[in-house]
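Engineer: Have a look at this prediction, sequence included:
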Protein chains: 4
Amino acid sequence: MPGNSFGELFRVTTFGESHGPAIGAIVDGCPAGLKLSEADLQHELDRRKPGQNRYTTARREADEVKILSGVFEGVTTGTPIGLLIENTDQRSKDYSEIKDLFRPGHADYTYHHKYGVRDYRGGGRSSARETAMRVAAGAIAKKLLAQQFGVAFNAGVVQIGPHQTAPEQASFDWQQVRENPLFCPDAGMAEKAGEYLRDLLKQGDSVGARVRLEVTGVPVGLGEPVFDRFDADLAKALMSINAVKAVSIGDGFAVAAQLGSEHRDEISATDGFLSNHAGGVLGGISSGQTVIAEVAFKPTSSITKPGQTIDRFGQQQTVVTRGRHDPCVGIRGVPIVEAMAALVIVDHWLRQRGQNPDPQK
Amino acid sequence: MPGNSFGELFRVTTFGESHGPAIGAIVDGCPAGLKLSEADLQHELDRRKPGQNRYTTARREADEVKILSGVFEGVTTGTPIGLLIENTDQRSKDYSEIKDLFRPGHADYTYHHKYGVRDYRGGGRSSARETAMRVAAGAIAKKLLAQQFGVAFNAGVVQIGPHQTAPEQASFDWQQVRENPLFCPDAGMAEKAGEYLRDLLKQGDSVGARVRLEVTGVPVGLGEPVFDRFDADLAKALMSINAVKAVSIGDGFAVAAQLGSEHRDEISATDGFLSNHAGGVLGGISSGQTVIAEVAFKPTSSITKPGQTIDRFGQQQTVVTRGRHDPCVGIRGVPIVEAMAALVIVDHWLRQRGQNPDPQK
Amino acid sequence: MPGNSFGELFRVTTFGESHGPAIGAIVDGCPAGLKLSEADLQHELDRRKPGQNRYTTARREADEVKILSGVFEGVTTGTPIGLLIENTDQRSKDYSEIKDLFRPGHADYTYHHKYGVRDYRGGGRSSARETAMRVAAGAIAKKLLAQQFGVAFNAGVVQIGPHQTAPEQASFDWQQVRENPLFCPDAGMAEKAGEYLRDLLKQGDSVGARVRLEVTGVPVGLGEPVFDRFDADLAKALMSINAVKAVSIGDGFAVAAQLGSEHRDEISATDGFLSNHAGGVLGGISSGQTVIAEVAFKPTSSITKPGQTIDRFGQQQTVVTRGRHDPCVGIRGVPIVEAMAALVIVDHWLRQRGQNPDPQK
Amino acid sequence: MPGNSFGELFRVTTFGESHGPAIGAIVDGCPAGLKLSEADLQHELDRRKPGQNRYTTARREADEVKILSGVFEGVTTGTPIGLLIENTDQRSKDYSEIKDLFRPGHADYTYHHKYGVRDYRGGGRSSARETAMRVAAGAIAKKLLAQQFGVAFNAGVVQIGPHQTAPEQASFDWQQVRENPLFCPDAGMAEKAGEYLRDLLKQGDSVGARVRLEVTGVPVGLGEPVFDRFDADLAKALMSINAVKAVSIGDGFAVAAQLGSEHRDEISATDGFLSNHAGGVLGGISSGQTVIAEVAFKPTSSITKPGQTIDRFGQQQTVVTRGRHDPCVGIRGVPIVEAMAALVIVDHWLRQRGQNPDPQK
């Protein structure tokens, strides 16, 4: 309830600051009997890890996750799974000069006014470092969903600044996501955007991004009307990721210009749904179609271009964020988007199984 | 937890189907000592009420709300507030012919597969009728917030199909919202969109809409990192409204094309924040700036243009939804958007007061 | 969360004051497909109803419950079940003289200091009238459990003041509970205690009681270690009933004097558990044995013997509670104890089904 | 929600098995600005630590707690506090011979049937080792309550088998609790019970205990009617402790024999409450009087006297629990009882502050 937990039946609670001794999580409610090892989690964590290429921060974290409980003889026991990653590369000294500053676009100002104190080292709790635990927990959710329903997650960067995938592109090339460092489902865009980012790095600036998510294999019937709708919980999950400013389901904002006769997905007795404007959700409940969502990541404010701000004494200051930062945080957002979606789906699956395990056909 | 409750400390739980005897809600956690009467709620309900003009359904509901508990001698007592509206104009017979059909774009299909049974009269629980209780509960939240902080809500329709407010419009004319039946903050757009809708009604079609929300007076410090962020809970609240397909905060999807040096809201010692790209939220916590959000409403699928679908026996069918329906459900969405935002704000205010009532400056 | 809800997946939220227009509840999370009518609820409510015999208050409430939603064509739909009972016999004038008094042993003092205001008519929210909704909701839980597992509830008054069932009594005569007005599983005790109560009524005093509960048919595996144990949630459920001051499971306080070799319930390959000191719970999880609990009800403080107290201005006062009151509130507590136990069991059943539907044997 | 969390606003979630690499907890919702160090927690943990004297298990755990997050420069920041204790003395081999046995009186049987798998080493999750984290979290709660209201906790063992404190004892000698190894508030009883336990150890048996708790300084107004009553949550908290089988508030089960004129605590304008039969709770809300509760601990089933049971293949077996075990687990229960009570009080304080920070007098 106090904000660091997600999910009702499959519940993840995280802790940890960017420059404290460790970050960690408790995954409570995981069904018993799942084969699980640290390697299952590490695989996903490695996708998110910084320092992997020139477009992500040079900070190097081993990000080695340990499972401290809830798994016995290689199998989940139904008891809480404790996860821990020690922080190895902290360099706190980088941050001492900004301890009293409210960096524009950062959480410094709001944390200070909310709590009265804050851990200013590397953003403390507001650092994107926290999302490593989302990815680790999401890896467990993904494994459960893959085994149970064959659920598959595809996410990728479809816009970076002026560069987008072609709008007419009916289906994305999800294989490409694994083959370029921008997690982009379009090799052409990846090349152009890569060039653009290299230029941006020289200027000391950053840029936003749009990430698309497509999830196949989600069973029909997930989601709890009227407030805990599947899409409402997905929106919350995605908006809770650092730097996300917008979430859409299916056709998203484009529906404002659509006609009812155009938007409604008609159904054929032989072919099923004939379109998917709804993005796999009807009345807040999953329809069995591909779940489609998009999110927008803002450009990080951690840039070397000087900016105007105040310190906590109200004095005017100019700030330059040196440290080590991604020019486009949306790129590393891709595995986080998948992880959060997985947490929503697994949670709603258990909720549905609790209330209505065998709905009539 | 089972989906029909919203909020942690200021918690609203609703019940009721479109064509059952009544709909109702319990508002639990309202602070004691607030002056409250049925008129306070009725005022907001009347804004949402159908049958008010030619652009909304002809169904006529008195929508008279009764307060059954929690208020004594005109003042809230801190105990749960029971709310009830009897359904007076039900006409269930209109719906008998579609009892076995899965209307395209409706929740028929998903409710059927989730629960095995469904109340098909007027959409049952999936009907927008349910939102009346959100508006009633939101009216209590609004009154609390107005008294405590002077929080003011402005929402309006900024797009209907091809008609939008001018993009360069720096500030909307919120007074206009009260003066045209489309809740539009732009008299020019209201006129053109009205003409467009009259035409659409003749064609038996519907159209989507985009609604903008601006909330002033929200205190700094609301929101619980890392999952129950202020913007994450707002996204959930808004996405949980019937027909909403997208939610944005501040500059929304436009941030994908912005530079960090452009997006970050710089701060001046004399003038405070110099811009509001963030929409009043930094790091998931309210910044004290105006909270800005937009949502997209899909066009209702309840139209008289025939559509292809199947029935629950898997047979191909053609469906025409007669009944009485709005050509643009986004219009009546305006007070609902305000209500859901008010519920988020009041809940996070009480949560902040519980944990950190007197943060240091 | 704000206190008027019970259960996680099968969640009951109640509202209503003793002398307001109505009391009500929302039962959210009930599985779809259960045959349910108002008669199912009324049957249980009638057991709890006041005015049935000389040992319970003369206040006459029809206590006619209406189902307002969640049931369609005689079957639950999986959506929230709205329940309402109108208050018909209120006589508010009886209470005006005590509006500023803190009656000793009542909630007047604490409600006043907690909320600053209170509905003093008949105890307002703190009245036992609130428990009618627990009984109504519990009736739904009981029906589900009876159909699914054949769960059966037996509860009865085993002590009233100096009168107890014989301690050596191995098994209680649960049939007797239906045959005497004291809900006592021992005809002999019922006769003596009846005489005792008639005497007490003449003196204007009241007396406490102890109620025993035995539930058969509870499946093995219910309960969530480590905090939401089956017995912990049962303890909360029972202690939350008005006037309850103690709860025990199995041998209860007697275990403080037992040896380990005496207490542990040994298991036989042919006969199963050879004893039931544990009361059907091991390690916080139901064992499949009969669940056994006892609770103590305090004597009501609503008596005509004068008592010393203060008013809200701090002045010394003498109070006599006239009104209409039970001499032994524990008697009517019997169906409430059953109802709360049923709510705990059904909730933990759904929780277990969500996490571990098919545990290995 | 899945069972390993406690509290609504001050929320503790724990993980860890007896013989895994570590146990840990996340304390979420702690107000910012509290001075806190590992020493504050260690002090309480040392009271609970095994291996301290001949009456507790010889297992030696350093039980050194580390704070991994949520504290910066010696002060809580309002973000989640991660706690970790590494398990240093595990000796898993002791348990291999009972891996297929359901030890009578243990959770083996129920964990197996609930989850299908279980970590049999030292009881796994059902081990009392889990309670170390309750004590660590409770230490934070205690420090907050002591600073804010001067709340003080006194708990002690008032019965071990046939040995009790004198019933007429009006006030216990809480200083004594710190001076004898049995945490007994009566030197005479401690001596006799000590002799009794030494004898019991020779016999390879165990015994139950009763623990009394008195909390002073609790402010009036804590507790949320009607389900989350202060006493209901306290009952849950205490019943959730391993081996607890009964909980009473104030006069407890004795109220079944009391008259209303005897039980009600009268109030004097000059002296306040004239008695405390209610144990500091009226109508589910704290009254400002001393909170009084008692709990019964069953005798541990981990004894060397042979017992009959079955294994997971249904075969009859005789079991002897060697390992290292306390003859009376109630003794080490004392700091756990205090910790759980502290968690309830701090949580209800924050909840009250959220809803009604300034109730009228």
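Structural biologist: Arrived safely, thanks for sending.
Engineer: For chain A, give the residue positioned nearest to chain C.
Structural biologist: Distances between chain A and chain C by Cβ to the nearest Cβ are smallest at residue A:354, namely 3.1 Å. (C-beta placed from N, C-alpha, C; glycine too.)
Engineer: I'd guess residue A:331 is in a strand, am I close?
Structural biologist: No: membership of residue A:331 in a strand is not supported by DSSP: H, G, I helix; E, B strand; the rest coil, which gives helix.
Engineer: since we're on it, how many residues are nearby?
Structural biologist: Residues contacting residue A:331 under the criterion other Cβ atoms under 10 Å in any protein chain shown number 26.
Engineer: Would you confirm that it contacts residue A:183?
Structural biologist: Yes: under the contact definition of Cβ atoms under 8 Å, residue A:331 touches residue A:183, with a separation of 5.8 Å.
Engineer: Pull up the overlap in contacts between these two.
Structural biologist: residue A:157 (Cβ atoms under 8 Å, 6 or more residues apart in numbering or on different chains).
Engineer: what about the nearest residue in space to residue A:124 that is not next to it in sequence, how many residues close to it?
Structural biologist: For residue A:124, the nearest residue in space outside its immediate sequence neighbours is residue A:17; the separation is 4.5 Å by Cβ to Cβ, 6 or more residues apart in numbering or on different chains. Neighbouring residues of residue A:17 were enumerated by other Cβ under 10 Å; the total is 30.
Engineer: In contact with residue A:17, which residues?
Structural biologist: Taking Cβ under 8 Å, 6+ apart, we find residue A:17 in contact with A:23, A:119, A:121, A:122, A:124, A:125, A:127, A:129, D:69, D:70, D:72, D:79.
Engineer: again, but for residue A:258
Structural biologist: With contacts taken as Cβ under 8 Å, 6+ apart, residue A:258 has the following neighbours: A:251, A:277, B:161, B:207, B:208, B:298, B:299.
Engineer: what's the most distant pair in these?
Structural biologist: Considering Cβ to Cβ, no two members of the contacts of residue A:258 lie farther apart than A:277 and B:161, which are separated by 15.2 Å.
Engineer: Now do the residue of chain A closest to chain C, the pLDDT please.
Structural biologist: The per-residue pLDDT reported for residue A:354 equals 97.
Engineer: wait, isn't residue A:189 in contact with residue A:164?
Structural biologist: Yes: if you go by Cβ under 8 Å, residue A:189 and residue A:164 touch, sitting 6.7 Å apart.
Engineer: and residue A:156, what element?
Structural biologist: Of the helices and strands defined by DSSP states H and E, residue A:156 is found in strand A:152-160.
Engineer: just checking, which of the contacts of residue A:17 belong to strands?
Structural biologist: Within the contacts of residue A:17, membership in strands is found for A:23, D:72, as judged by DSSP state E.
Engineer: most surrounded residue in the contacts of residue A:17?
Structural biologist: residue D:79 (31 neighbours).
Engineer: Just give the closest residue to that one, not the sequence neighbours.
Structural biologist: If the residues on either side of it in the chain are set aside, residue D:79 comes closest to residue A:125, at 4.2 Å by Cβ to Cβ, 6+ apart.
Engineer: The one you found and residue D:251, how far apart?
Structural biologist: Separation of residue A:125 from residue D:251 (Cβ to Cβ, to the nearest Å): 46 Å.
Engineer: and if you look at residue A:211?
Structural biologist: 62 Å.
Engineer: Please apply the same query to residue A:185.
Structural biologist: Distance check for residue A:185 against residue D:251: by Cβ to Cβ, it reads 70 Å.
Engineer: Where does pLDDT dip in the stretch 1-150 of chain A?
Structural biologist: Within the stretch 1-150 of chain A, the set of residues satisfying pLDDT under 70 comprises A:50-61, A:89-94.
Engineer: mind running it again at 90?
Structural biologist: Across the stretch 1-150 of chain A, the ranges flagged by pLDDT under 90 are A:1, A:47-63, A:88-99, A:121-123.
Engineer: same question, the stretch 251-361 of chain A
Structural biologist: Along the stretch 251-361 of chain A, the parts satisfying pLDDT under 90 run over A:302, A:320-326, A:358-361.
Engineer: tell me which parts of it are close to chain C?
Structural biologist: Applying Cβ under 8 Å from any Cβ of the partner chain, we find that the stretch 251-361 of chain A lies next to chain C at A:350, A:351, A:353, A:354, A:355, A:356, A:357, A:359, A:360.
Engineer: Filter these down to just the buried residues.
Structural biologist: The neighbour-count criterion (16 or more other Cβ atoms under 10 Å in any protein chain shown) marks A:350, A:351, A:353, A:354, A:355, A:356, A:359 among these as buried.
Engineer: would you list those residues in CSV and tack on distance to chain D?
Structural biologist: Below are those laid out as CSV (distance: Cβ to the nearest Cβ, whole Å):
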residue, distance to chain D
A:350, 9
A:351, 10
A:353, 13
A:354, 11
A:355, 14
A:356, 18
A:359, 23
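Engineer: just checking, residue A:191 is part of a strand?
Structural biologist: No: counting by three-state DSSP, residue A:191 is located in no strand; its state is helix.
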